[in-house]
Structures are given as C-alpha cells and as structure tokens.
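>>> make a model of this:
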Amino acid sequence: MKSPNIGIMGTPVSSGNRGVLALGSSLASLCLSHCGADKVTILVGNRKPATFRIRHQERSINVEVVNFRLSPKSKPNEHLAWIVFASILYRTLPLLRNWLEQNTPWIKAVAQMDFVGDVRGGDSFSDIYGLKRFLISFFPVWSVILVKGSIVHFPQTYGPYKSTISRRLAAFLLCRSSTIVARDTISQSIAQSLAHRDQQVHLSPDVAFSLTSIPPNSIESYPQNAGFPSASCIGINVNGLMYNGGYTHSNMFGLKLNYPTFLKQLVLRLLEEQAGDLWLIPHTYAPLGDVESDNEASLRLREQIPYEQRHRVKILTSELDQYEVKGLIGMCGFFIGSRMHACIAALSQGVPCVGVAYSMKFQGVFESVGLEDHVVDARRSDNHNALVTTLDLFARREEIRDPLREASDKARQDLNRIFSELLGVSDRTRLKRVGD
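So this is what the prediction gives:
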C-alpha cells in the first residue's frame, strides 16, 4: 500500500511567532510518525512555494510548502481569488478538472492528497482577532472542501464568536469535516453545538506538547554575557500584543487587567521575594514598533525596573527557533507566560507555569494537565487579584512539579494514540472520525 499524502493548513512557515511554528512542526512530525508517509505538505499563504525545515526523530526534514497569495502582484494561478473560483469550477464542472489541476498548483496538490487537515494557527477558528482575519482564513479551507469534499480539523480552539457571520461560517466548515478534534473542553462544547448531530467532536492535548526540546548551544542576551537560565531563575514571556492593547491599540481583548502595570508590579515583587534572576523570553519576534513584538515589550518592561535591581532582569535577544526557545524555557525553575505556546513549552517539560490569559484558550490547555487554577484571566482579574494569585502559585510551585511531569507525559501518550487512530496504517486512505 502506498504511503498516504497528507496536507496541513493553518501553519505559517515564515513567522516571528514561535507558537504557530511549533504547531506546524509538531503536526508534521506527528503525521510522519503515525501514517508511514515519507513527507507531508503544508498549504499556506506565503510569498512563494518553499520548504519548511522540521526536526523529526532526531533528523532534519524539509517539508514542501504549496502557497496561495493575496497580493495583486502575485501570479494569477497563485492568487486566492483564482484558487477559490477554480475550486468552484472543479466541483461543478468535472470535465475541467484535469485542466484546472495542470494550471493551478494549489488544486493539483490538494487533489492528490488523501486528506487535508486544518489547525488555523491553533486559536484562529474564531473572530477574536477580527472578522477580516477570520474571512481570509475561511476561503482556503473552503477551496479544499470544494476539491476534496471534506476536511479534517486538527486539535485547536473553536470560538468564541462575536459575529453571527463568523459563527455561521464556522458551522459551515465544521459540518463538512470528516474529523473534528478540540484541544480543550470549552471549545469542544462550542464545536459540538455547531456541528451536525451525528458528528462527534473529540478531545486532544495541544499538538505542541509533542514538540522536541533542543537546548541552544549559545544565546545572546541583554545585558550581554548573561549566560543561561538556571533552575533558580523565573522565566517570563511578555506578550507584545497584550502590552500594546491589541491590533487596535485600544484594549482589543477587553482586559480588566492593566497588563503593563501588572508586569512591572510582578517583576518588582519577584525580585524582592526570591534570589534568582528573571529572564524575559520573547515568543513572538517582530521589529521595533510592531504591535506583536514581544522583544520590544520586554525591553520596555525592563526599562521600568529601578536601576539598582535591573541587572537581575535578563532579556533573551537571540531569535531562537521553536525547538530552541522551548529548550531555553525548560531551563527555568518557574514560568509565567502570556503567549499560550510559551506556556505549553513550560508545561510540556514539567516546569510549573502560570498563564496570564487574554482568551478562553488558556483555561482548557492548562486543564488538560490538571492546572486549570494556574490561569490568571486578564479579562476578569484586576491587578491586585492577579498579583496575589500569581505570587501564591509561585510559592506553591514545588507541590505541582512532579504531578505536572506525569500529566505532560500522559498528554504526549494521548497525542500518539489519537494520531494513530486518525492516521492509522490499517486504513490510511479512508477519511474516518477518530474512535468510530
């Protein structure tokens, strides 16, 4: 039996966001491990066809990338508008299918795949980042459904939905899914309410629990020559998007917490109450001035610390890849993060962690390892309560260290089981709901 051809959508391959790169790397490796394929293909918006390098079973592999574009300067047959139109023709006029495949790389790739799975960046099957972003992500998935008849939804968060339009479009896609997997119980319930009655939404840990951790050989830091974090150090991930008020710069996520002020208060208290250094570890790299920049937000936070204490606050300035930044986070004794995959990097290595959350996705992921009480919801907590909760959890960190290691090991075992069922070699080419 030939090895199956699997497509992965919703995982950018050239992003400063190490979380979405962790998703793509983890998904590709899980697919390779459990379907017996020699390769998988990533379908994504990108300037040109490319390759995406991943680590799989201690070796590097180049994954093929088939792209679409939105730019008016793109090749006509790579533009998303043409791809969607051509996909409609593919569905309605079978006599044109060979011609469309030969003249549209996206359709040719999709038509040859046994199935395509979408992960939508982990949390973008929602309109929390705006309706425009949701719509742009909808059309490539619709094109796959037009060509293949269905799609797989890999483990991700579903919802919330502010707009009726996005909610109805989400239901449209889910009702045409052969397999739906959620990564938390809250969005599992949301997806179940949108899917057909005879569809079952399954539950899985986030795929990044399986990401390989590779400690970096060397790093750059500010101040220079700070060495590496140790078990006595606390790692903090500063979310640039939260720090800047979201894309609108006006509290886009409806936070009750004054995030920049909270971080300053937290750093000052941690410096007082323990002897270790603090490491500010970006998980999304972007140029200075970019609303997403964790690195700039980290610099701004450090500048607010009194000079006599500032030397104990280090900033990672190396742009490590997704494997190395996970390795660095794993060196810390405790971690506080506001990028969810930065938190997963800690949780999956047994590092006690507090998530300072801007959306519901944190709660379910922490719940998957028994730490639902380790989430500070910035939408509902004020600065005082958030500070008290975080410091209390830090004081009790040793109580959860061993149980967390056991829970993270189980999460990886569950991922292997679920992907074995989804991609089992006994029936590779059949689109089948997990557990049926």
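
>>> buried ones in stretch 182-196?
Of all the residues in stretch 182-196, those buried under the rule 16 or more other C-beta atoms under 10 Å are 182-184, 186-188, 190-192, 194-195. The C-beta positions use only the backbone N, C-alpha and C, and glycine is treated the same way.

>>> give me the contact list for that stretch.
By C-beta atoms under 8 Å, 6 or more residues apart in numbering, the residues outside stretch 182-196 that reach it are 122, 153, 155-160, 167, 170-171, 174-175, 177, 180, 199-207, 360-361, 363-365, 367-368.

>>> make a ChimeraX selection of the buried ones in these.
Of the contacts of stretch 182-196, the buried ones can be selected in ChimeraX as follows, counting by 16+ other C-beta under 10 Å:
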select :122,153,155,156,157,158,159,160,167,170,171,174,177,180,199,200,201,202,203,204,205,206,207,360,361,363,364,365,367,368
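
>>> tell me which of the contacts of stretch 182-196 fall in strands.
Counting by DSSP state E, those place 153, 155-156, 177, 180, 201-203 in strands.

>>> which residues in the stretch 151-300 of the chain form helices?
164-174, 185-194, 240-243, 259-273, 294-303 (DSSP state H, counting those that start in this stretch).

>>> looking at those, which is buried most?
Among the helices of the stretch 151-300 of the chain, ranked by average contacts under mean count of other C-beta atoms under 10 Å, first place goes to helix 240-243 (a mean of 24).

>>> helices and strands around that one, which ones?
Where contact means 3 or more C-beta pairs under 8 Å, 6 or more residues apart in numbering; DSSP states H and E, helix 240-243 is packed against helix 259-273, helix 294-303.

>>> compute the number of surrounding residues for the closest residue to residue 312 other than its chain neighbours.
Using C-beta to C-beta, 6 or more residues apart in numbering and skipping residues adjacent in sequence, the residue nearest residue 312 is residue 277, 5.0 Å away. If you count neighbours by other C-beta atoms under 10 Å, residue 277 ends up with 19.

>>> thought residue 277 was touching residue 309?
No. Using C-beta atoms under 8 Å, residue 277 makes no contact with residue 309, being 10.7 Å away.

>>> residue 263 and residue 381, how far apart?
13 Å (C-beta to C-beta, to the nearest Å).

>>> sorry, wrong one. I was asking about residue 13.
From residue 13 over to residue 381 the distance is 36 Å, taken as C-beta to C-beta.

>>> quick one on the thing from earlier: what is the nearest of the ones in strands among the contacts of stretch 182-196 to residue 305?
residue 156 (36.7 Å; C-beta to C-beta).

>>> that closest one reaches residue 137, doesn't it?
No. Shown here, residue 156 and residue 137 do not form a contact pair, counting by C-beta under 8 Å, at 11.6 Å.

>>> now the common contact residues for those two.
Shared contacts of residue 156 and residue 137, defined by C-beta under 8 Å, 6+ apart, comprise 10, 120, 125.

>>> would you agree residue 349 is in contact with residue 408?
Yes. Look at residue 349 against residue 408 with C-beta under 8 Å: they come within range, at 7.1 Å.

>>> and of the helices of the stretch 151-300 of the chain, who's closest to residue 420?
That would be, of the helices of the stretch 151-300 of the chain and by C-beta to C-beta, helix 185-194, which comes in at 20.1 Å.

>>> tabulate the CA atom coordinates of the closest one in CSV.
Extracted C-alpha coordinates of helix 185-194, given in CSV (Å, rounded to 0.1, in the frame of the first residue of the first chain):
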residue,chain,number,x,y,z
THR,A,185,-13.4,21.1,26.8
ILE,A,186,-14.8,24.6,26.4
SER,A,187,-14.3,24.8,22.7
GLN,A,188,-15.2,21.1,22.3
SER,A,189,-18.6,22.1,23.5
ILE,A,190,-18.8,25.1,21.2
ALA,A,191,-17.7,23.0,18.2
GLN,A,192,-20.2,20.3,19.1
SER,A,193,-23.0,22.8,19.1
LEU,A,194,-22.1,23.9,15.6
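
>>> quick one: low-confidence ranges for this protein?
Scanning the chain for pLDDT under 70 picks out 1-3, 35-38, 423-436.

>>> can you give me the domain assignment for it?
According to automatic domain parsing, the chain comprises the domains 6-204, 221-409.

>>> dump those domains into a markdown table; add distance to residue 422 as well.
Output for the domains of the chain, formatted as a markdown table (distance: least, C-beta to C-beta, whole Å):
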| stretch | distance to residue 422 |
| --- | --- |
| domain 6-204 | 6 |
| domain 221-409 | 18 |
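
>>> what residues sit buried inside the biggest helix by length in the chain?
Longest helix of the chain, by residue count under DSSP state H: helix 397-422. If you call a residue buried by 16+ other C-beta under 10 Å, then helix 397-422 has these buried ones: 397, 400, 404-405, 407-408, 411, 415, 418-422.

>>> residue 118 contacts residue 10, correct?
Yes. Taking contacts as C-beta under 8 Å, residue 118 lies within contact range of residue 10: 4.8 Å.

>>> isn't residue 147 up against residue 109?
No. With contacts defined as C-beta under 8 Å, residue 147 does not count as touching residue 109, sitting 9.6 Å away.

>>> bridge partners for residue 61, pull those for me.
residue 54 (DSSP bridges).

>>> that one: what's it in contact with?
Contacts of residue 61 (C-beta under 8 Å, 6+ apart): 28, 32, 39, 53-55.

>>> so residue 314, which state does it fall into?
Secondary structure, DSSP: H, G, I helix; E, B strand; the rest coil: residue 314 is strand.

>>> distance of it relative to residue 215?
Applying C-beta to C-beta, the value for residue 314 to residue 215 is 16 Å.

>>> same check on residue 181?
Distance of residue 181 to residue 215, computed by C-beta to C-beta: 31 Å.

>>> the two: who's more crowded?
Per other C-beta under 10 Å, whichever of residue 181 and residue 215 has more neighbours is residue 181, with 25 against 13.

>>> wait, the more buried one sits on residue 418?
Yes. Using C-beta under 8 Å, residue 181 is in contact with residue 418, at 6.9 Å.

>>> quick one on the thing from earlier: overlap in contacts of residue 118 and residue 10?
With C-beta under 8 Å, 6+ apart as the test, residue 118 and residue 10 both reach residue 154.

>>> can you name the residues that contact residue 374?
Contacts were defined as C-beta under 8 Å, 6+ apart; by that measure residue 374 touches 352-355, 366, 393, 400.

>>> same check on residue 30?
207, 210, 415-416, 419 are the contacts of residue 30 under C-beta under 8 Å, 6+ apart.
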